[in-house]
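Student: Structure, please.
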Amino acid sequence: MKLANLFTTLRILLAPVFFILYFLPQWVGTGSALSVFILIPLFAFMEFTDFLDGYYARKLREVSDFGKIYDPFADVLANMTVLFSFVLSGYLPSILFLIILYREMGILFVRMLAAREGVAIAARKGGKAKTVLYILAAGFSLAIESGLRLGLLPESILPLLTTVNYVLYGLAVILSLLSFADYLVNFSSVLKIGANSRKKQKTP
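Tutor: The predicted model follows:
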């Protein structure tokens, strides 16, 4: 396996590990404070692999059509797993999560249509920017939860922090929708070709 794809695979494998470790103290009734010292480095490393796979793909000239699809897929899987954890914890409103989820599924569908026409759609700047906002918002949620688990966060300040977190998620949703529109505009020609080819196949 190419080194770049190895880092991408690591991100996929670590996503369910994060979910399990996040809720394990709740399930077993102990280890809440200890979990903080595992979750924060794990979250940071998961996001760092997103940099590493791109870095080594370029450095070792391992950029490929497969990688252009595999990397965004890993991003979606990892980000949705982390965000779902915060939905269950009450940091991310479910309606915002659904919008994000539908957007990501929409992009995956567009990529599948493009791949059918032999076009690999790599992440664009707008897509990368919304990923950064996902990370910032999720990182803020993790910081709040970590402060609570360690007993360092006064309950009185929790409503303010939660509101700030909602704003971050709201901005992430807005940017995700804008980037989705950007993908549709820039790859509309590919989608039209795919639609026309399907019509011709149906024509007797």
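
Student: For the rest of this, base every contact and every neighbour count on C-alpha atoms.
Tutor: Fine.

Student: need the contact list for the residue most central in space within the chain.
Tutor: In the chain, the centroid-proximal residue (CA atoms, centre = their mean) is residue 79; its distance is 2.7 Å. Residue 79 is in contact with 134-135, counting by CA atoms under 8 Å, 6 or more residues apart in numbering.

Student: Could you check which helix or strand contains it?
Tutor: helix 65-89 (DSSP states H and E).

Student: List the buried residues of that helix.
Tutor: For helix 65-89, the neighbour count (16 or more other CA atoms under 10 Å) marks 67-69, 71-87 as buried.

Student: SS state for residue 156?
Tutor: helix (DSSP: H, G, I helix; E, B strand; the rest coil).

Student: With the one 10 residues further on instead?
Tutor: Per three-state DSSP, the local secondary structure of residue 166 is helix.

Student: okay but it is in contact with residue 94, surely?
Tutor: No - with contact defined as CA atoms under 8 Å, residue 166 does not reach residue 94; the gap is 11.2 Å.

Student: Compare neighbour counts for these two and give me the winner.
Tutor: residue 166 (18 against 15; other CA atoms under 10 Å).

Student: where are the low-confidence patches of the protein?
Tutor: Low-confidence segments of the chain, defined by pLDDT under 70: 122-123, 189-204.

Student: quick one: the strands in it?
Tutor: Read by DSSP state E, the chain holds no strands at all.

Student: List of residues touching stretch 140-150?
Tutor: The contact list for stretch 140-150 (CA under 8 Å, 6+ apart) reads 32-33, 36, 40, 86, 91, 153-154, 158, 161, 165.

Student: How about stretch 44-63?
Tutor: With CA under 8 Å, 6+ apart, stretch 44-63 has contacts from 2-8, 10-11, 14-15, 71, 75, 78, 135.

Student: what's near enough to touch residue 162?
Tutor: Taking CA under 8 Å, 6+ apart, we find residue 162 in contact with residue 91.

Student: that older thread, can I get the contacts of stretch 140-150 in CSV including distance to residue 142?
Tutor: Output for these, formatted as CSV (distance: CA to CA, whole Å):
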residue, distance to residue 142
32, 13
33, 13
36, 9
40, 8
86, 8
91, 9
153, 12
154, 16
158, 13
161, 12
165, 10
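
Student: What about the residues you listed, which one has the most neighbours?
Tutor: residue 91 (24 neighbours).

Student: And the closest residue to that residue other than its chain neighbours, how close does it get to residue 147?
Tutor: Distance criterion CA to CA, 6 or more residues apart in numbering; nearest residue to residue 91, sequence neighbours excluded, is residue 141 at 6.2 Å. In this structure, residue 141 and residue 147 are 10 Å apart, going by CA to CA, to the nearest Å.
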